[in-house]
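Enquirer: Just a sequence and a predicted model for now, questions to come.
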Amino acid sequence: MTVNGRSVSAEVETRFLLVDFLRHRLRLTGTHVGCAHGACGACTILLDDRPARSCLVFAVQADGATIRTIESLAQDDRLSPLQEEFRNHHALQCGYCTPGMLMAATALLAETPDPTETQIKEYMAGNLCRCTGYQPIVRAVKATAARRPK
Amino acid sequence: MAVGAPAARLEGAEKVSGRARYTEDLRLPGMLHARLVLSPHPRARIARIPKEAALEVPGIVAVYTGADLPIGTAARRALAKEEVRYTGEPVAAVLAESEAAAADAVERLASVVEYEVMTPILDPMDAMRPDAPAVTAVILADAEAAAHAAASAGAEDQEKRPSNITNHVTYKRGDVEAGLREADLVIERTYTTPRVHQLYIEPQCAVATTDPASGHVTIYTATQGQFFVREQVAKALDLPLQSVRVVPLTIGGGFGGKIQLIQPMAAALALASNRPVRLILTRSEDLLLSTPAPECVMTLKTGVKKDGTLTAIEGKLIFDSGSAPAAPTGIGALLMGGYYRVPHFHVEAFEVLTNKPAVGAYRAPGATQANFAMESQMDIMGRALGLDPVAFRLHNAAAEGDPMPDGKPWNRIGLREVLERLQRHPAWTGRETGDGVGYGIAVGGWPGGVESASACMRANTDGTFQVVTGAIDVTGTSTTFAQIAADVLGLPVDKIQVITSDTDTAPYAGMSAGSKTLYTVGAALQIAAEDARRQILEIAAKEMEAHVDDLEIANGQVRVKGAPGRSLAVAEVAARSMRFGAKHPPIFGAGSVPSPKTSPGFAAHLVKARVDRETGAVKILGHVVFQDVGFAVNPAAVDGQIRGGAVQAIGWGLIEAMRYDESGTLLTSTLSDYPLPRASDVPPMDVEFIEVRSQYGPYGAKGVGEPPIISGGPAIANAVADACGVREVSLPITAERLLAALEGGRPRA
């Protein structure tokens, strides 16, 4: 598979989850595990450009796939506009759900460059956050969309 | 202007880039994976634990039972011995070379542990009966509960009883019977609130390792209070405090639920195996054995005159504490109307044990429950007498100097101010009617935890500074600390680094709980920064041959006031204090404070809701929170606390509850079953700061974490009553429950 632009080849047990492969084999620990049953969204990654819960995918199922994790968003240590807006809008507190939120928002903005507030809330409804009350997250996504050249 | 202006979180960049380090990310060489075998029964005798079933699994290193590792306190054993007290209680721990092997071994062993099942005691009302079987034979004070109870004024009448009632608190003044006789209207209702989980997104986690040279154990963990963890681990393992080191890593949410739980177990397993041990709970394990908010049954009888003057409050709270004493009885009794001026008051609270997991603190413990009852009751009385709900509350609101239920005076509070701001807000003055829309308000407060604290401030020779504390940053307090240090030193915020150190090296700070981190550690830090500033100026005065009183610090330079040409860089001052042959002592600021007096924080909620009569669904159309924050040192962080707390209150109000079946099995043991508010559930929300300065907190700040959750639930219930005429006395007001009430039927469970 290709992970964050890098080709990766490995042999794994069939039961090994993709999230564990990313975290423990590749040491990409930015992707978090909140429930391991697909309910919280903390482990959201992009799998062939679509948001996916990496706790519900076996590593072997991702054979040949193109994967992007939170570690791919910043370029040369420069935060992406979405990351900057999350930071500026206090769209994070404990930070545990944040990577999943950012990957879901990345997918949303790729599909819908200028989403309405309702579209953001609906799209992000599968990612749980217990700290922020979500409103700063919605604002951060909106602000990112507003930065795109029209 | 560092203080009072919004500042982005210092650690924001690492958190948005996936670089922040959480406990689960830690991998130590030779590390073993621990998993726990949990009891499937709420009350049983353990007949046999055939360890060989687990030991047969390839990759298993060891299996331990309560007999092998008799650690913990009598109330909170790390592993059950002889009997289990709740479904989910750990009965064995396995250690394996891989997580998968550990999981396999747990599955094998769990299926063959033999129990003699006994009838559980699940209802606190049953448990309170004198003839009820005892949940546990051991009666004792609970350190964690005591730490949280300290957030309230001391309970005046605590009894220790040899029954399932482990605590009983009474607050009394006047003659309630006489007060009720004076009343024109007496209302009596029973209210209930459910067991609600803190539901931090990062599950409980600990990695422990031993040092072969000293035999000491180090625990890397997510906790709200590393010194508390150290003490509990040392006590559980009978070790001197010096032999235990706790290193707090980034915490993935706490809300009172991440203080101390599995750390003694992790430490014991590391010591027993002499290998590093990683113990991370799965989400289901976490829901089964961690410490949520207690269920509470409350009866309230109140008297009021036609003009809205309260004459008497008589109340009782029964907290279901689960299998160990930990309920917030004192705070609950204190806040069941204790913020209203009433001549006759009698409230008692009971802590009752049952065969469920022990409870713990969840954001404003005790306040959320008591306030739901009291503020619902206020609404019922106000409606019955045709009173304006804001004016009715203002008419009875306590003020500075009025007695609290424990007889001590209220310190300065903003109760009146938050209500007055609500009264003027366009969302209230411009209320719309019709179409199933209703409005509800409620107000409540948090006494404010206090504890002694210390902090220090170190200079570096490049003109940067390090703030070192033992305070865990759960809410953004490190950023606020940097703002304070920068303000005192006259430096930009980016010159300040804030370090939460481990228990071997950090100056003492209490756990980050009770809304007291900025209030206490921030105050200590302010003194430390002032100390460092004084030292800088004294050194500069000597170096510049100026009088110390003529000097100021601005933009990283020490300057002679009014003589801009004469200056010396702070970096140079620092460098001259720390080098070979230095003439000056190193700049080192220290600050310590005793427990300050409290500055209780109040917040009012205004909720506009629509009830769908076809489905029973409640839709919140608008929500405004008015909170007295004292002074917002970092308005962005304060705003975040209020919004996050208010959305948790929506969870309390409408959806959240841990549910058990009649055999004591948790039905909501996954995040697919336990509902949390989602982005799509959040209404348009406004936040209004009211700043009634504290006389004690740094810059006049008050604790802000707890207040915003307290009154959201009752405000929603009151809005529902206004919208559809149905008074719900039990939270959460689920669509199912409300529909049943609208149809006149009885709600299921």
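Expert: That came in fine, so what should we check first?

Enquirer: where do the helices sit along the stretch 401-550 of chain B?
Expert: B:415-424, B:426-429, B:477-489, B:523-544 (DSSP state H, counting those that start in this stretch).

Enquirer: ah, wrong one, I meant chain A
Expert: A:18-20, A:81-88, A:98-111, A:117-123, A:135-147 (DSSP state H).

Enquirer: Show me what the third one is packed against.
Expert: Right, helix A:98-111. strand A:44-47, strand A:50-53, helix A:81-88, helix A:117-123, helix A:135-147, helix B:12-16 (3 or more CB pairs under 8 Å, 6 or more residues apart in numbering or on different chains; DSSP states H and E). C-betas here are computed from N, CA, C, even on glycine.

Enquirer: Let's have the helices of chain A in TSV, adding mean neighbour count.
Expert: Converted to TSV, the helices of chain A look like this (neighbours: other CB atoms under 10 Å in any protein chain shown):
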stretch	mean neighbour count
helix A:18-20	24
helix A:81-88	22
helix A:98-111	24
helix A:117-123	17
helix A:135-147	21
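
Enquirer: Would you agree B:Gly664 is in contact with B:Ser39?
Expert: No - the pair B:Gly664 / B:Ser39 is not scored as a contact, 10.2 Å apart, by CB atoms under 8 Å.

Enquirer: Give the residues shared as contacts by the two.
Expert: B:Tyr86, B:Thr87 (CB atoms under 8 Å, 6 or more residues apart in numbering or on different chains).

Enquirer: So if I had to pick from these two, which one is more boxed in?
Expert: B:Ser39 (24 against 20; other CB atoms under 10 Å in any protein chain shown).

Enquirer: For that one, give me its contacts.
Expert: B:Ala80, B:Val84, B:Tyr86, B:Thr87, B:Gly88, B:Glu89, B:Pro90, B:Val91, B:Val113, B:Tyr115.

Enquirer: And for B:Val37?
Expert: By CB under 8 Å, 6+ apart, the neighbours of B:Val37 are B:Ile49, B:Ala54, B:Pro90, B:Val91, B:Ala92, B:Ala93, B:Val94, B:Val106, B:Leu109, B:Ala110, B:Val113.

Enquirer: among these, which are in helices?
Expert: B:Ala54, B:Val106, B:Leu109, B:Ala110.

Enquirer: Throw the residues you listed into CSV and include distance to chain A and pLDDT, thanks.
Expert: Below are those laid out as CSV (distance: CB to the nearest CB, whole Å; pLDDT from 0 to 100):
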residue, distance to chain A, pLDDT
B:Ala54, 18, 97
B:Val106, 15, 98
B:Leu109, 19, 98
B:Ala110, 18, 98
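
Enquirer: Tabulate those residues (CSV), appending distance to B:Val726.
Expert: As requested, the ones in helices among the contacts of B:Val37 are exported to CSV (distance: CB to CB, whole Å):
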residue, distance to B:Val726
B:Ala54, 53
B:Val106, 46
B:Leu109, 50
B:Ala110, 44
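
Enquirer: now the residue of chain B found nearest chain A, nearest residue through space, not along the chain?
Expert: Scanning chain B for the residue nearest chain A gives B:Gly18, at 1.9 Å (criterion: CB to the nearest CB). Spatial nearest neighbour of B:Gly18, excluding adjacent residues (CB to CB, 6 or more residues apart in numbering or on different chains): A:Gly30 at 1.9 Å.

Enquirer: Equivalent analysis for B:Lys51, please.
Expert: B:Val63 (4.3 Å).

Enquirer: For B:Arg534, which residues are in contact?
Expert: Per CB under 8 Å, 6+ apart, neighbours of B:Arg534: none.

Enquirer: try the one 4 residues further on
Expert: Contact analysis of B:Glu538 by CB under 8 Å, 6+ apart lists B:Val548.

Enquirer: Give me the distance between it and B:Asp462.
Expert: When distance is defined by CB to CB, to the nearest Å, B:Glu538 is 20 Å away from B:Asp462.

Enquirer: Check B:Val593 too.
Expert: 30 Å.

Enquirer: ok, the two, which is more surrounded?
Expert: Remark: of B:Val593 and B:Asp462, B:Val593 carries more neighbours, 22 against 12, as counted by other CB under 10 Å.

Enquirer: Confirm for me that B:Cys724 is in contact with B:Val611.
Expert: Yes - between B:Cys724 and B:Val611 there is a contact at 4.2 Å, judged by CB under 8 Å.

Enquirer: so what sits against both of those two?
Expert: B:Gly436, B:Gly438, B:Leu738, B:Leu742.

Enquirer: Which residues of the stretch 251-400 of chain B lie near chain A?
Expert: B:Ile251, B:Gly252, B:Gly253, B:Gly254, B:Phe255, B:Thr282, B:Arg283, B:Ser284 (CB under 8 Å from any CB of the partner chain).

Enquirer: per-domain residue ranges of chain A.
Expert: A:2-72, A:81-147 (automatic domain parsing).

Enquirer: Most neighbours among the shared contacts of B:Cys724 and B:Val611, which one is it?
Expert: Neighbour max across those (other CB under 10 Å) = B:Leu738, 24 neighbours.

Enquirer: element containing that one?
Expert: Following DSSP states H and E, one finds B:Leu738 within helix B:735-742.

Enquirer: next one: that helix to chain centre, how far?
Expert: Chain-centre distance of helix B:735-742: 31 Å, with CA atoms, centre = their mean, to the nearest Å.

Enquirer: Enumerate the positions of it that are buried.
Expert: Within helix B:735-742, the residues that count as buried by 16 or more other CB atoms under 10 Å in any protein chain shown are B:Arg737, B:Leu738, B:Leu739, B:Ala740, B:Ala741, B:Leu742.

Enquirer: what sits against whatever residue of chain A ends up closest to chain B?
Expert: Scanning chain A for proximity to chain B using CB to the nearest CB identifies A:Gly30 as nearest, at 1.9 Å. Counting by CB under 8 Å, 6+ apart, A:Gly30 touches A:Thr69, A:Ile70, A:Glu71, A:Pro99, B:Ser17, B:Gly18, B:Arg19.

Enquirer: circling back: before we go further, the residue nearest to B:Lys51 is sitting in a helix, right?
Expert: No - counting by DSSP: H, G, I helix; E, B strand; the rest coil, B:Val63 is not found in a helix; it is strand.

Enquirer: Check which helix or strand the residue nearest the centre of chain B maps to.
Expert: Taking CA atoms, centre = their mean, the centroid of chain B lies closest to B:Gly256, which sits 3.0 Å from it. For B:Gly256, there is no helix or strand it lies in under DSSP H and E.

Enquirer: who's in contact with stretch B:47-58?
Expert: B:37, B:60, B:63, B:65, B:91-92, B:94, B:96, B:101, B:104-106, B:108-109, B:111-116.

Enquirer: Narrow the residues you listed to those that are buried.
Expert: Buried, going by 16+ other CB under 10 Å: B:37, B:60, B:63, B:65, B:91-92, B:94, B:96, B:101, B:104-106, B:108-109, B:113, B:115, out of these.

Enquirer: Quick check: the farthest pair among those residues?
Expert: Greatest spatial distance in the buried ones among the contacts of stretch B:47-58: B:Ala101 and B:Tyr115, 25.0 Å, computed using CB to CB.

Enquirer: From one end of stretch B:488-499 to the other, what's the distance?
Expert: Taking CA to CA, to the nearest Å, stretch B:488-499 runs 18 Å from one end to the other.
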